[in-house]
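A.B. asks: This is a predicted model, with the sequence first.
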Amino acid sequence: MTAQGKESMNNNWTVCRKSALSSDQPPSSPFRPPTSAWSQSAYDDALALYDHLSQCTDSYVAPLIKDALRVLDHSYRLYGAESVVGSYNGGKDAVVIVHLMRAAHANFIRQQQQQQQQSKSQSDGSSPEDVIRMVRPRVIYFEHVDEFPEVELLLRDTVVRYDLAMVSFERGIGYADGLQLLVETNYHAVATEDTEDSTCSRSSRRKQPPHPMAFILGTRTGDPNAGNQGIWAPSSHYLAPFMRVNPVISWSYGQVWHFLRLYQLPYCKLYDQGYTSLGTVKDTVPCPALAKSNLKETDDKSRQGCNADCDGKGGKNCKYWPAYMLRDWDMERAGRIVKKPQKPLEHTISESSSTASLSSNVEKAKEDPDDDGGSATTQSSAVVGLIVIGDEILKGLTADTNTFAAAVSLRQHNVPLARVSVVSDDGDEIATEVRRMQGLCDVVITSGGVGPTHDDVTIKSVALALGDDLVLHQEMAQLLIDKMGDNSDDESARMKMSTLPSSSKLRYLTGDPDEWPILQCRNVYILPGVPQFFESKVKALATHLLSTELERSITYRVVLSCEESAIVEPLNGVVRRHPAVSFGSYPFVDHPECKTVVTLEGRLIDGGYTHTSGRFLRMSQSASSALVAADLDRTSRNIVEPPRRQSLPPAHCIYSKKQMDVNVELALSDLLSDLPDGSVLRVEENVTSLR
């Protein structure tokens, strides 16, 4: 960047440091007093954009654009140019917001100028208070250590090109803390020309509350954090008081891209490389549905550059189509590696249960470290959740006998049925319930909604919940031909019934050669809704669940020569950094060599902590409670940064065995590097108990 560009960058961009939150001095707004007004060229460009957008005749987006501008016009009228702030993180939705917002910002200034001219025509002149300040459009951004460099480049280019006022919050400042600082320091500037410091004096601040603020967001219906928000949504009670404004809440994925391309607006170049939803470099990959091997093109030339090794699963040689070519908009977030937000340790650990279970193990600890320590490693039966799907059940048109059949069969085989829910034939509702049930149960069984008709949406919904692609399952396709015959009249029905989630497996559980298999997608088993078929399948499945275990990861046992108290701090750190791995720690009394054994095993479903973590937290707190409390506070502010509470649970990350093994290997490497020097006696692989 040129020297002029650096100067412009410094003038447009302010970094809010963590020290601003901890200073003893009264806080001031990160939007410092402007040294120069919004440039005339940037104002003219934004005003021309407003007029262009207002005159849009494209039937696909024109109504949405005009509604969004109307919402923003009201926002500026109600809150003023200095109190309307856009959230700009470089994503496609945020890009739409920035351009709509700068256009409405310019229109607001034009309206003020017109009103001023009218006032002048009716009076002898104007007072200093009549000066219209050309305030730059204001945007904020929260820095992230794992941000894409391409996103950062777009942010800086946008700020300079359109002469925006950007405040970026330093890494480590949480969303809630940053917004609270903005809200509490939002004292309007004094509109005078002869005052060097145009902000309100501290004495005047004591006499008036901060001016209310509106934050313009790119939230769309269907986003994980959208909940039940509408266009206007007051902030949640745990945040500072402000108004959330969602001008594009009703826009679809396709309409977002149509708008950006129609007006040739610059966006992050990652979208041209197959990314459809941007998170961080650690949790985002190109959308699998855009892999060129997944799009069947008749023109071979269109596939030039796509390596033959590309299998549509995101390999390093895979080539992708641009984001705007995505056909199934439900796959927008398929490239996001979704993980359950990590909660502060004190909220995730049940101290009472961990104390009870560990005390008995410590008392039973033997001199020999090969003793299994009692119940610490006992495997229990899988806990099952049942989802009954069908409008006819909810409307009382058909009696639900499948719940009773499932309860009887599972109980006969000592498999606990923990929860039952009934949902309608709505794809989004089914997907949401599958995700919720996965967070509560080891195994999920669905009943109904499978077949060739329009209301049979269970399979597509399960794919959505798991983040799987829908692919042609060759084994199922052949089975349907064998069962139904190769009749061309049935081809459409066969195609739908053989299009399954990519993780699907056909399970034959009875040994009957004429048996219809059960469809398994990871830990979800999809059963028919017809009562006589469901009853026979759930009986077979109950036996299967009793006799088999879910796919498990590699396990490690680390035998240590040091006391358990010596590894509290390093183990706590590793546990926090690797929520996808289950840790256990077991002390041994009076053994001449081994003092502690640590076990590691991958989790099938991401999130949470092993029960032994509660003991480590308490030991650590007793040693240095102040340090731990400060660390937990930082963890909370760094990770839990949603602009609102989620009304629906996020999709859990369901790991394959390969992924679980990788998670365990990474955690083991991290643990070994943090343990005291010389404390590791041996590391053993694939152990199922302490023996």
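C.D. replies: Nice, I can see it.
A.B. asks: all helices of the stretch 351-500 of the chain, in order?
C.D. replies: Using DSSP state H, counting those that start in this stretch, the helices found in the stretch 351-500 of the chain span residues 351-364, 391-394, 402-412, 427-438, 458-466, 474-484, 491-497.
A.B. asks: Tell me which of those is the most buried.
C.D. replies: helix 458-466 (a mean of 26; mean count of other C-beta atoms under 10 Å). No exception for glycine: its C-beta is placed from N, CA and C like everyone else's.
A.B. asks: Out of the helices of the stretch 351-500 of the chain, which is closest to Asp661?
C.D. replies: Asp661 lies closest, by C-beta to C-beta, to one member of the helices of the stretch 351-500 of the chain: helix 458-466, at 19.3 Å.
A.B. asks: returning to that earlier point: lowest-confidence stretch among the helices of the stretch 351-500 of the chain?
C.D. replies: Lowest mean pLDDT of those: helix 351-364, a mean of 27.
A.B. asks: Let me see the ranges of the strands in the stretch 101-250 of the chain.
C.D. replies: 138-142, 165-169, 214-216, 232-234, 243-245 (DSSP state E, counting those that start in this stretch).
A.B. asks: circling back to that earlier point, using a markdown table, lay out the helices of the stretch 351-500 of the chain together with distance to Leu604.
C.D. replies: Below are those laid out as a markdown table (distance: least, C-beta to C-beta, whole Å):
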| stretch | distance to Leu604 |
| --- | --- |
| helix 351-364 | 21 |
| helix 391-394 | 29 |
| helix 402-412 | 20 |
| helix 427-438 | 9 |
| helix 458-466 | 12 |
| helix 474-484 | 24 |
| helix 491-497 | 27 |
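A.B. asks: how about the ones you listed, which one is nearest Pro266?
C.D. replies: helix 458-466 (31.3 Å).
A.B. asks: Return the list of helices and strands in contact with that closest one.
C.D. replies: Helices and strands touching helix 458-466, by 3 or more C-beta pairs under 8 Å, 6 or more residues apart in numbering; DSSP states H and E, are helix 427-438, strand 470-472, strand 499-501, strand 518-521, strand 524-527.
A.B. asks: Output the lowest mean pLDDT helix or strand found in the chain.
C.D. replies: helix 351-364 (a mean of 27; mean pLDDT, DSSP states H and E).
A.B. asks: Dump the strands of the stretch 101-250 of the chain to JSON lines, plus mean neighbour count, mean pLDDT and distance to Leu179.
C.D. replies: Converted to JSON lines, these look like this (neighbours: other C-beta atoms under 10 Å; pLDDT from 0 to 100; distance: least, C-beta to C-beta, whole Å):
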{"stretch": "strand 138-142", "mean neighbour count": "23", "mean pLDDT": "95", "distance to Leu179": "8"}
{"stretch": "strand 165-169", "mean neighbour count": "23", "mean pLDDT": "94", "distance to Leu179": "9"}
{"stretch": "strand 214-216", "mean neighbour count": "24", "mean pLDDT": "96", "distance to Leu179": "7"}
{"stretch": "strand 232-234", "mean neighbour count": "15", "mean pLDDT": "92", "distance to Leu179": "13"}
{"stretch": "strand 243-245", "mean neighbour count": "22", "mean pLDDT": "95", "distance to Leu179": "10"}
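A.B. asks: Distance to His544 added to the ones you listed, as JSON lines?
C.D. replies: JSON lines is the format used below for the strands of the stretch 101-250 of the chain (distance: least, C-beta to C-beta, whole Å):
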{"stretch": "strand 138-142", "distance to His544": "47"}
{"stretch": "strand 165-169", "distance to His544": "51"}
{"stretch": "strand 214-216", "distance to His544": "51"}
{"stretch": "strand 232-234", "distance to His544": "46"}
{"stretch": "strand 243-245", "distance to His544": "48"}
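A.B. asks: between the ones you listed, which gets nearest to Gly274?
C.D. replies: Closest among these, using C-beta to C-beta: strand 138-142, at 24.1 Å.
A.B. asks: Adjacent strands (with direction) for that closest one?
C.D. replies: Strand 138-142 has its sheet partners listed here by DSSP bridges as strand 84-87 (parallel), strand 165-169 (parallel).
A.B. asks: Tell me the spacing between the closest residue to Met331 other than its chain neighbours and His258.
C.D. replies: Spatial nearest neighbour of Met331, excluding adjacent residues (C-beta to C-beta, 6 or more residues apart in numbering): Ala289 at 4.3 Å. Separation of Ala289 from His258 (C-beta to C-beta, to the nearest Å) stands at 19 Å.
A.B. asks: Gln117 now?
C.D. replies: 37 Å.
A.B. asks: now Gly80
C.D. replies: The value you get for Gly80 to His258, if C-beta to C-beta is used, is 32 Å.
A.B. asks: picking that back up, who has more neighbours, Gln117 and His258?
C.D. replies: Using other C-beta atoms under 10 Å, the more surrounded residue of Gln117 and His258 is His258, with 17 against 11.
A.B. asks: show me what contacts that one?
C.D. replies: 58, 60-61 (C-beta atoms under 8 Å, 6 or more residues apart in numbering).
A.B. asks: Quick one: buried ones out of the residues you listed?
C.D. replies: Listed as buried from those are Val61; burial here means 16 or more other C-beta atoms under 10 Å.
A.B. asks: ok, of the contacts of His258, which one's closest to Asp490?
C.D. replies: After measuring these against Asp490 - C-beta to C-beta - the closest member comes out as Tyr60, at 36.5 Å.
A.B. asks: Find the helix or strand that the closest one is a member of.
C.D. replies: For Tyr60, there is no enclosing helix or strand under DSSP states H and E.
A.B. asks: just the one 5 residues further on next, same as before
C.D. replies: Taking DSSP H and E as the definition, Ile65 sits inside helix 62-79.
A.B. asks: Only the buried residues of that helix, if you could.
C.D. replies: 64-65, 67-69, 71-73, 75-76, 79.
A.B. asks: Can you show me the strands along the stretch 551-691 of the chain?
C.D. replies: 555-560, 581-587, 596-602, 680-685.
A.B. asks: Out of these, the one nearest Thr458 is which?
C.D. replies: Using C-beta to C-beta, these put strand 596-602 closest to Thr458, at 28.2 Å.
A.B. asks: orientation of that closest one relative to strand 680-685 in degrees?
C.D. replies: Calculated by axes from the mean of the first three to the mean of the last three C-alpha atoms, to 10 degrees, strand 596-602 forms an angle of 30 degrees with strand 680-685.
A.B. asks: and strand 596-602, how far out from the chain's middle?
C.D. replies: Taking C-alpha atoms, centre = their mean, to the nearest Å, one finds the center of strand 596-602 at 29 Å from the center of the full chain.
A.B. asks: Ok, stretch 239-254 next?
C.D. replies: 17 Å.
A.B. asks: So, low pLDDT: which residues of the stretch 151-300 of the chain?
C.D. replies: 188-208, 293-300 (pLDDT under 70).
A.B. asks: Equivalent analysis for the stretch 451-600 of the chain, please.
C.D. replies: 454-455, 488-489, 546-552.
A.B. asks: max-length helix in the chain?
C.D. replies: If you go by DSSP state H, the chain has its longest helix at helix 92-121.
A.B. asks: ok, Asn572 - how many residues close by?
C.D. replies: 20.
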